[in-house]
Structure formats: structure tokens, C-alpha cells
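quick one: sequence plus predicted model below, questions after.
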Amino acid sequence: MSRSLVGLVVDTLEFAREGRSVSGTVPVSGLPRLQELVGASDALLECELQGRRENGRHWLSLSVRGKFDLICQRCLGALPFVLETDAELQVVAPGEPWPDEALDDGALSLGVDAIAADAAQAVTDLIEEEVLLALPVAPKHEESCEPPARSDDKRAASPFAVLATLKKH
């Protein structure tokens, strides 16, 4: 059985400096901002957080995997979504200069974000932020789907119907 990461708090700088690693699960229902986008879900996310020190810098590597349903923005139905995301986070200690977002040693630096060192960082907050960044902006079914129908089976009058009657006169 996998360990739950809910409630786990780490000192990001010490975690990276000591090369620690933790893995386990987080329920989608335990991530409030994500919950707004998926509705009710009993899905679990498999997560792994690893720290390391490399070239005088401190890093956190975060891997999140899972399956859950998003809400289709066209039909408002369930849209199965497979999440597989990996993030590299540079931990910036107090007083340490922040890395240039566009350049790193003269080359483009893609997929690396910097975070401030935090002595009491909730691991679920890191996970939720990375999951939200990995979601599509407007999730929709690939095949066509219809917008939700009115429940009373009545069609709303067209706002242009009045103009059509004026045109006849």
C-alpha cells in the first residue's frame, strides 16, 4: 500500500541539500483548486518528490501520474484525462539570486521553474500547482459533442425572430 502524502511538510532547502526522496499518493479530492475542475472524484495521484544538489544549486524533481475526469467545456460531460507530468524546481535560498527565466548559461532553459526556499512547504501544494499547470486550458472531447440540451425540451426563441417580423413590413 502506498503512503499518503497529505499533510506532509518539508523544508525545501534541507530536503534538496540532503538528497531526500518521498513517494506516495494524494487523492484528487484533497486538492481544492483541482477539485473545482473535476467535480467529485475518488482518483488517486501517484507522486514522487526528489531533492538534489547540483552545481551549487538546489533542485526538487516532482513527478505526478494519475487518471481522472475533467469537465468538457462544450458538453459539460465527463472527459477522461491521463496526467503525466514531471517538473524541475530550482530552490532559491534567501539572499541567493533568482535565475534568469529565459537564459541559463547562454542556452534556453525550458521546463525549469524557481521557487523560494520554504522551511514549511506542504508537499500537496507543490503537487496541486504542477497538476494545474499541466491541465488543458479548455478541455473538450476530441470528437464532436453537443452542448447540454434544455431539460424542458423547449427551444428558446431566437433573438433575431423580432427582426424577421420587422423585415416583412
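Perfect, thanks for sending it. Numbering: from 1, shown residues only.

give me the helices and strands touching the longest helix anywhere in the chain, please.
Secondary structure assigned by DSSP state H gives helix 123-134 as the longest helix of the chain. Helices and strands touching helix 123-134, by 3 or more C-beta pairs under 8 Å, 6 or more residues apart in numbering; DSSP states H and E, are strand 21-27, helix 32-38, strand 44-54, strand 57-71, strand 78-92. Heads up, the C-betas are built off the backbone N, CA and C, glycines and all.

one more pass at 6 Å, please.
helix 32-38, strand 57-71, strand 78-92 (3 or more C-beta pairs under 6 Å, 6 or more residues apart in numbering; DSSP states H and E).

what would those look like in a markdown table with mean neighbour count, mean pLDDT and distance to residue 9?
Listed next are the helices and strands packed on helix 123-134 as a markdown table, based on neighbours: other C-beta atoms under 10 Å; pLDDT from 0 to 100; distance: least, C-beta to C-beta, whole Å:
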| stretch | mean neighbour count | mean pLDDT | distance to residue 9 |
| --- | --- | --- | --- |
| helix 32-38 | 15 | 87 | 17 |
| strand 57-71 | 18 | 94 | 14 |
| strand 78-92 | 16 | 93 | 15 |
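
any idea which of these gets closest to residue 4?
Among these, the nearest to residue 4 by C-beta to C-beta is strand 57-71 (14.0 Å).

C-alpha coordinates for that closest one, CSV please?
Extracted in CSV, the C-alpha atoms of strand 57-71 (Å, rounded to 0.1, in the frame of the first residue of the first chain):
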residue,chain,number,x,y,z
ARG,A,57,22.1,24.8,-6.8
HIS,A,58,19.3,23.0,-5.0
TRP,A,59,16.7,21.2,-7.0
LEU,A,60,13.4,19.4,-6.5
SER,A,61,12.1,16.9,-9.1
LEU,A,62,8.4,16.3,-9.0
SER,A,63,6.7,13.5,-10.9
VAL,A,64,2.9,13.2,-10.8
ARG,A,65,0.8,10.4,-12.6
GLY,A,66,-2.9,9.7,-12.5
LYS,A,67,-6.3,9.4,-14.2
PHE,A,68,-9.4,11.4,-13.5
ASP,A,69,-12.3,13.1,-15.3
LEU,A,70,-12.2,16.7,-16.3
ILE,A,71,-15.4,18.6,-17.2
